[in-house]
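> sequence unavailable; structure follows:
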C-alpha cells in the first residue's frame, strides 16, 4: 500500500476487529463463569431441604421459595447458554474475517458443527453398529 492514509485505515480496521475478538472472548469467559456458578447453585438447591432460600438479585438479597429460585436459575442458565452460543458463532465469523484481512487462510475446522442424533444413528447403521 503506497498511500499512507489507506495503510493507516487498514491498520485501524485490523486493530478494531482484533479488539472486538478479544472483547467477545472475555465476555464468553465471564458468561461461562456465571453459567458454572448458576449450575453450582442449582445443584446445591437440589441437595437442600429448605423451603425458602436467600437469593441475590442484583444488589438486593431476597428470600424466595426454593422452587421459584430454581426456576429463575434454570431460566438464567438457558439465557446464558444462548448468549454464549451466539457470541461463539459471531466470534468464528470475526476470526475468519480478521484472517482474510491479514491475507491468511481460514482456520481449518473452525466452522465445523457437531453431528445431530439422526446423523449419528445413520452413521451407526452404515458402520453396522445397530
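That came in fine, so what should we check first? Just so it is clear, the structure is predicted and the values come from calculations on it, not from any experiment.
> from now on I want contacts and neighbour counts done on CA atoms only, so please keep to that.
Will do.
> quick one: furthest residue from the center of this structure?
No residue in the chain sits farther from the centre than residue 2, which is 40.6 Å out by Cα atoms, centre = their mean.
> SS state for that residue?
Here residue 2 is coil, with the state taken from DSSP: H, G, I helix; E, B strand; the rest coil.
> now it: how far from residue 8?
Look at residue 2 and residue 8: by Cα to Cα, to the nearest Å, they are 11 Å apart.
> residues contacting the residue farthest from the centre of the chain?
Not one residue lies near residue 2 by Cα atoms under 8 Å, 6 or more residues apart in numbering.
> from residue 101, how far out is it?
From residue 2 to residue 101 the distance is 17 Å (Cα to Cα).
> ok, the spatially most central residue of the chain - contacts?
What sits nearest the mean C-alpha location of the chain, by Cα atoms, centre = their mean, is residue 84, with 1.9 Å. Counting by Cα under 8 Å, 6+ apart, residue 84 touches 28, 31, 32.
> and those, which is closest to residue 60?
residue 31 (20.7 Å; Cα to Cα).
> ok, so what distance separates that closest one from residue 43?
18 Å.
> okay, those two: which has more neighbours?
Under the criterion of other Cα atoms under 10 Å, the comparison of residue 31 against residue 43 puts residue 31 first, with 17 against 12.
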